[in-house]
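Enquirer: after the sequence you'll find the predicted model.
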Amino acid sequence: MRLFIAVNFDAGFKDGVCRSAQELRRAGASGSFTRPENVHLTLAFLGECGAGRIPDIRAAMERAAVESFTVRTAGAGRFRRDSGDVWWIGLQKCPELESLAARLDRELRREGFCLEDRSFVPHITLGRRVTPPQGGKGAPAVPELVQRVVSFELMESRRVNGALEYVQLLSVKLPRVS
């Protein structure tokens, strides 16, 4: 199973993200754009794991949990790649989100998972292998989106009839701020 841990969003937040992806398309960009049901924020990518590791992942997630918090969008950008860029929407600085990601990284490593050694850059992917049109405009407009994060999830990434599908395997609730 190809696994990752993510924050999932409500339908309104996902719709706002997808409007930005549609703006890129309307401007003539080509690429593989994120479908609404796949919009998420990756906290940790685990890669291929056997089902027997799920209890270890759950334990790490439960130990990493922080109090619930709010995220807000903040502009768009891209990671440049030779095969086409990854375009994304960023988030405003959020110490609670950064703490969750750092704690999760530490707890997963404690459980023996090998994770990538790179800084956490919170972003929501609009599209991969995106090539803007010649003379095309830059980043799309980003609507002001806000969501309270009350849980985070273990997700499985699958290909079903050629389409990428993310399936939630478990969820860990975040305690409310008192």
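Expert: Yep, it's here.
Enquirer: could I have stretch 4-11 exported to CSV, CA atoms only?
Expert: The C-alpha atoms that make up stretch 4-11 are tabulated as CSV, following Å, rounded to 0.1, in the frame of the first residue of the first chain:
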residue,chain,number,x,y,z
PHE,A,4,0.6,9.2,3.3
ILE,A,5,-0.7,11.3,6.2
ALA,A,6,-2.8,14.3,5.4
VAL,A,7,-5.1,17.0,6.4
ASN,A,8,-8.3,16.7,4.4
PHE,A,9,-10.6,19.7,3.7
ASP,A,10,-14.4,20.3,3.5
ALA,A,11,-16.2,20.7,0.2
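Enquirer: ok, residues contacting that stretch?
Expert: The contact list for stretch 4-11 (CB atoms under 8 Å, 6 or more residues apart in numbering) reads 17, 36, 39-46, 57, 61, 71, 97, 104, 124, 147, 149, 151-155, 157, 166, 168. Yep, even glycine has a C-beta here, placed from its N, CA and C like the rest.
Enquirer: try it again with 7 Å
Expert: 39-46, 61, 104, 147, 149, 152-155, 157 (CB atoms under 7 Å, 6 or more residues apart in numbering).
Enquirer: and that stretch, what's buried?
Expert: Phe4, Ile5, Ala6, Val7, Asn8, Phe9 (16 or more other CB atoms under 10 Å).
Enquirer: who does the residue nearest the centre of the chain bridge with?
Expert: Geometric centre of the chain, nearest residue: Leu41, 1.9 Å, by CA atoms, centre = their mean. Judged by DSSP bridges, the bridge partners of Leu41 are Val7.
Enquirer: quick one: contacts for it?
Expert: Contact analysis of Leu41 by CB under 7 Å, 6+ apart lists Ala6, Val7, Pro122, Ile124.
Enquirer: so the last one is in which element?
Expert: Just to be clear, that refers to Ile124. Per DSSP states H and E, Ile124 falls inside strand 123-131.
Enquirer: test my guess that Lys14 contacts His40.
Expert: No: the criterion here is CB atoms under 7 Å, and Lys14 misses it with His40 at 8.9 Å.
Enquirer: all helices of this structure, in order?
Expert: 11-26, 54-64, 95-110 (DSSP state H).
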